[in-house]
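# Predicted model follows, preceded by the sequence.
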Amino acid sequence: MANANNIIIGAASVSVGGTDIGFTQGGTIWRHESTFIDVEADQAVGTVRKGRSLEKMFVVTNMLEVTLANLRMAMMQPAGNLSGSTLTLGYNNSCWTDELQIILTGPGPNCGTRTATFVRCVAMGNREYNMQRENATVLEVEFEVMKQNDGTFGTIVDS
């Protein structure tokens, strides 16, 4: 039976690497993608079985607080590239990636709290830093969530 108390309204706070990234705009999205292979048989016109061959998860948010620390994290720069009020851009070590834990804490069903924890995340994609007179500077950051050794991406807990 339908239960209006299960409808969730509200934004999540976003913590990356143990630090709250502050205000966001447009919400925070986590997206699950699956890729399937189609098995076709001579005796059937069409697919007779589907098998999942790849599973990916992403977290995307738009940061309104584009501090140097948040910019460093979004652009996957090493901590050493941020010194005081200077962020140096660029890094030449293909063996290094900054794996970060992301925790999303927001409203849950029945006025509770829902917490999603993704343990191994890497900032991916392109970044556009747009300064305009008419708008606040917003930086979109996308993280790919990598699987842990046990094959899981993380957890979602309602409390």
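Yep, it's here. Numbers count the residues shown, from 1 in each chain.
# use CA for all of it now, contacts and neighbours both
Will do.
# tell me the SS of the residue sitting nearest the centre point of the chain?
Computing the C-alpha centroid of the chain and ranking residues by CA atoms, centre = their mean puts residue 59 first, at 1.8 Å. Three-state assignment for residue 59 (DSSP: H, G, I helix; E, B strand; the rest coil): strand.
# With residue 116 instead?
From three-state DSSP, the assignment for residue 116 is strand.
# Pretty sure it sits against residue 103.
Yes: the pair formed by residue 116 and residue 103 meets the contact definition of CA atoms under 8 Å, at 5.7 Å.
# Which one's more surrounded, these two?
Using other CA atoms under 10 Å as the criterion, residue 116 and residue 103 rank with residue 103 on top: 23 against 18.
# Confirm that that one sits in a strand.
Yes: assessed with three-state DSSP, residue 103 lies in a strand.
# Wait, residue 142 touches residue 63, no?
No: between residue 142 and residue 63 there is no contact under CA under 8 Å: 10.7 Å.
# in what helix or strand does the residue in the chain sticking out farthest from the centre lie?
Within the chain, the residue lying farthest from the chain centre (CA atoms, centre = their mean) is residue 43, at 43.2 Å. Per DSSP states H and E, residue 43 falls between elements, in no helix or strand.
# pLDDT score assigned to it?
pLDDT for residue 43: 95.
# And it, how close does it get to residue 12?
Using CA to CA, to the nearest Å, residue 43 is found at 51 Å from residue 12.
# Then residue 89?
Residue 89 is 29 Å from residue 12, by CA to CA.
# Looking at those two, which one has more neighbours?
Applying other CA under 10 Å to residue 89 and residue 12 shows that residue 12 carries more neighbours, namely 21 against 13.
# The chain: strands as residue ranges?
13-16, 19-20, 24-40, 47-63, 82-83, 86-87, 100-107, 113-124, 139-146, 154-158 (DSSP state E).
# Could you save the ones you listed as JSON lines and add columns showing distance to residue 93 and mean pLDDT?
Shown next, in JSON lines, are the strands of the chain (distance: least, CA to CA, whole Å; pLDDT from 0 to 100):
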{"stretch": "strand 13-16", "distance to residue 93": "22", "mean pLDDT": "97"}
{"stretch": "strand 19-20", "distance to residue 93": "25", "mean pLDDT": "96"}
{"stretch": "strand 24-40", "distance to residue 93": "29", "mean pLDDT": "96"}
{"stretch": "strand 47-63", "distance to residue 93": "24", "mean pLDDT": "96"}
{"stretch": "strand 82-83", "distance to residue 93": "16", "mean pLDDT": "96"}
{"stretch": "strand 86-87", "distance to residue 93": "17", "mean pLDDT": "96"}
{"stretch": "strand 100-107", "distance to residue 93": "18", "mean pLDDT": "97"}
{"stretch": "strand 113-124", "distance to residue 93": "15", "mean pLDDT": "96"}
{"stretch": "strand 139-146", "distance to residue 93": "20", "mean pLDDT": "96"}
{"stretch": "strand 154-158", "distance to residue 93": "28", "mean pLDDT": "97"}
